[in-house]
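**Student:** Sequence and predicted structure below; questions after.
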Amino acid sequence: MNSIAAFALLLSYLLPYVSPKTFPLLSVLSLAVPILIVVNVVFLIYWVVLLNKKAILSLVVLVLGISHVTSLYKISGKSTEDTTDGISLLSFNVRSFNRFSWIDSKTIPQDISAFVRSESPDIFCAQEYYNNPDTDFSQYQYKFEDFNNDNGELALVVFSKYPIVNKGSLHFKKTANNIIFCDIAIQKDTLRIYNVHLQSHKISSNTNRISQEDSQKLLKRIQISFERQQEQVDELIEHMRQSPYRNIVMGDFNNSAYSYVYDKIVSEGLQDTFKEAGKGFGKTWEFDLFPVRIDFILVPEEYEVLEFKNIHQELSDHYPIFSRVQL
């Protein structure tokens, strides 16, 4: 059992380099990497602590994938006392402000508005945004929203305290998912902000609902969504390479830090702010089985990450993430 778990984790290290279109079934394994890491840690503890024996197999595999381990859990974080230093970034999938009463609360739009005011980020990227009359983001002078679904109800939005000098959308076809961008003038510099919402797997956070679903249909749907994510990220990277400015990518990737699409984006000279300054599991999506991190703030490698935090407020099925960086 230990050998099987170790081999599966070792195999998962190859996933960032394997195209979902080439091996879609193998790509699905990326969703199980957190479980594989935990299982191998349990085996390590079992051999060393309980049986007082050497646990070479799991130890070697975990050490080889130390970057995978730190993507799952960070022992210590980083923060700065000077909250005026650098620029602050917030990304949050607001799930249309609880439009269909997923959460038992009538004040979610007002609560999210109050939360954003309290954090007061310089740039706020929202996914699954819905024009709700009970929201108030009037503290932002600049805004760009883009609706990419047939009924024109859900949008990606960028709010900014700094002037937006250019904006646009990648306009993905036949999907409500999308990527938008804004060029924002900050002091003497201009940054390009990408707000990302990659193809959804449409997986419920409730394990009971997952168990009731046909496993073959679920697996096929996930394979197709992985392939579409690859196409969307290919478009994003082509667009990023034509950018005249430094790029910041943030949003809901609908995929983990162990995936092909995450690795492709990070490889464009970006760093994961959670890995640099985060703490704990970095959970960004509510899921019963294990902590899931599918929302990211990626900034240029030459920027100093001053702070990162996950904010565990139950205002959506996602948790907002916040980072402060020095340009």
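**Tutor:** That came in fine, so what should we check first? Numbering: from 1, shown residues only.
**Student:** going forward, measure contacts and count neighbours with C-alpha atoms only.
**Tutor:** Fine.
**Student:** Could you pick out the longest helix of this protein?
**Tutor:** helix 215-241 (DSSP state H).
**Student:** Contacts for stretch 56-74 next, please.
**Tutor:** Outside stretch 56-74, the residues within contact range by CA atoms under 8 Å, 6 or more residues apart in numbering are 2-3, 6, 9-10, 13, 34, 37, 40-41, 43-44, 257-258, 275, 278-282, 293.
**Student:** just to revisit the earlier point, for the longest helix of the chain, the distance to its chain's centre please.
**Tutor:** Mean C-alpha position of helix 215-241 versus that of the full chain (CA atoms, centre = their mean, to the nearest Å) differs by 15 Å.
**Student:** before we move on, what about stretch 179-198?
**Tutor:** Counting by CA atoms, centre = their mean, stretch 179-198 comes out at 17 Å from the chain centroid.
**Student:** Which positions in it come out as buried?
**Tutor:** 179-185, 190-198 (16 or more other CA atoms under 10 Å).
**Student:** quick revisit: check which helices and strands the longest helix of the chain sits against.
**Tutor:** Contact analysis of helix 215-241 by 3 or more CA pairs under 8 Å, 6 or more residues apart in numbering; DSSP states H and E lists helix 24-27, helix 260-266 as its packing neighbours.
**Student:** Could you give me the buried positions within that helix?
**Tutor:** 222-233, 236, 240.
**Student:** Out of those, the closest to Lys78 would be?
**Tutor:** Met240 (28.5 Å; CA to CA).
**Student:** Show me the helices in the protein, by range?
**Tutor:** Going by DSSP H, the chain shows helices at 2-12, 24-27, 33-45, 56-64, 66-72, 95-98, 108-119, 207-212, 215-241, 260-266, 273-277.
**Student:** wait, which of these is closest to Leu89?
**Tutor:** Closest among these, using CA to CA: helix 108-119, at 9.7 Å.
**Student:** and the closest one, how far out from the chain's middle?
**Tutor:** The answer for helix 108-119 is 20 Å, by CA atoms, centre = their mean.
**Student:** Contacts for that helix next, please.
**Tutor:** So helix 108-119 is in contact with 94, 97-98, 132, 134-137, 139, 315, going by CA under 8 Å, 6+ apart.
**Student:** One more: stretch 41-49?
**Tutor:** Counting by CA under 8 Å, 6+ apart, 2, 53-55, 58-59, 62 sit against stretch 41-49.
**Student:** one more time with 10 Å
**Tutor:** 1-3, 5-6, 35-40, 50-59, 62 (CA atoms under 10 Å, 6 or more residues apart in numbering).
**Student:** Flag every buried residue along that stretch.
**Tutor:** Under 16+ other CA under 10 Å, the buried positions of stretch 41-49 are 43-45.
**Student:** Likewise for stretch 284-299?
**Tutor:** 284-287, 291-299.
**Student:** Any stretches of the stretch 151-300 of the chain with poor pLDDT?
**Tutor:** Applying pLDDT under 70 to the stretch 151-300 of the chain flags the ranges 151-152, 204-214.
**Student:** can we see that at 80?
**Tutor:** 151-153, 202-216, 288-290 (pLDDT under 80).
**Student:** What ranges does the stretch 51-200 of the chain have for its strands?
**Tutor:** Per DSSP state E, counting those that start in this stretch, the stretch 51-200 of the chain carries strands over the ranges 87-93, 123-130, 142-147, 154-160, 164-169, 178-186, 189-197.
**Student:** need the ones you listed in JSON lines with distance to Ser79, can you?
**Tutor:** Converted to JSON lines, these look like this (distance: least, CA to CA, whole Å):
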{"stretch": "strand 87-93", "distance to Ser79": "12"}
{"stretch": "strand 123-130", "distance to Ser79": "19"}
{"stretch": "strand 142-147", "distance to Ser79": "28"}
{"stretch": "strand 154-160", "distance to Ser79": "23"}
{"stretch": "strand 164-169", "distance to Ser79": "28"}
{"stretch": "strand 178-186", "distance to Ser79": "22"}
{"stretch": "strand 189-197", "distance to Ser79": "23"}
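**Student:** circling back: of the contacts of stretch 41-49, buried ones?
**Tutor:** For the contacts of stretch 41-49, buried by 16+ other CA under 10 Å: 5-6, 36-37, 39-40, 55, 57-59, 62.
**Student:** now for the residues you listed, which pair is the farthest apart?
**Tutor:** The widest separation within those (CA to CA) is 16.1 Å, between Leu36 and Ala55.
**Student:** Name all residues that make contact with His312.
**Tutor:** 282-286, 318-321 are the contacts of His312 under CA under 10 Å, 6+ apart.
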